[in-house]
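Novice: return atomic coordinates for the entry below.
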Amino acid sequence: MRKYSSLNELISSWAKSGLVDWIGLRPARRLEMEVADQVMISADGLSGDRGRAGKRAVTLIQQEHLAAIGSYLGQGPVAPDILRRNLVVSGINLAALKGREVQLGEAVLRFTVICAPCSRMEEALGKGGYSAVRGHGGWCAEVVQSGRIRLGDPVQPVD
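Specialist: Model prediction:
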């Protein structure tokens, strides 16, 4: 077994690439999300999404957290459109990628801040919905390099 020499080396390592499992677009506030097989991402976020440029241009959540949120509510996994995140990713710990450049398909994002739940989670998920999402709401990211993302694309750190 390999020994690591520093905390920085431990933090920068990752076991395997993740995958893009779901793509959702928010055409306007409170409108139903549109599910897509692929999307172009630019500095303003996903094409067809109401997102904005900057550190919150794209929102992501881990597939594994959908089941956790559902279990806190006494149900199965929560549908991703209820949480209104743009991308659902599986197989890689998004929290471990904070501040790093991450390639998804042709695009490169930098994870910036957590995507905290909004008060609408009580409305969408019922009593306790807000608390169920806390700590599992995903991440916001800024766009470093524009490009197309498709379902099944790998998700991996650039460095």
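Novice: got phi/psi on Ala116?
Specialist: With angles defined as degrees, to the nearest 10, Ala116 sits at phi -70, psi 150.
Novice: that one: what's it in contact with?
Specialist: Arg134, Gly137 (CB atoms under 8 Å, 6 or more residues apart in numbering). All C-beta atoms are positioned from the backbone trio N, CA, C, and that covers glycine.
Novice: swap the cut-off to 10 Å and go again
Specialist: Shown in contact with Ala116 (CB atoms under 10 Å, 6 or more residues apart in numbering): Tyr130, Val133, Arg134, Gly135, Gly137, Gly138, Cys140.
Novice: let's have the residues you listed in a markdown table, adding distance to Leu109 and neighbour count.
Specialist: Formatted as a markdown table, the contacts of Ala116 follow (distance: CB to CB, whole Å; neighbours: other CB atoms under 10 Å):
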| residue | distance to Leu109 | neighbour count |
| --- | --- | --- |
| Tyr130 | 26 | 18 |
| Val133 | 21 | 27 |
| Arg134 | 23 | 13 |
| Gly135 | 21 | 13 |
| Gly137 | 17 | 21 |
| Gly138 | 12 | 25 |
| Cys140 | 10 | 22 |
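Novice: now these as TSV including distance to Gly54?
Specialist: Converted to TSV, the contacts of Ala116 look like this (distance: CB to CB, whole Å):
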residue	distance to Gly54
Tyr130	25
Val133	22
Arg134	23
Gly135	23
Gly137	18
Gly138	17
Cys140	9
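Novice: in strands, which of these appear?
Specialist: Cys140 (DSSP state E).
Novice: just the contacts of Ala116 now: which is nearest Met33?
Specialist: Gly138 (14.3 Å; CB to CB).
Novice: now do the closest one, the pLDDT please.
Specialist: Predicted confidence (pLDDT) for Gly138: 94.
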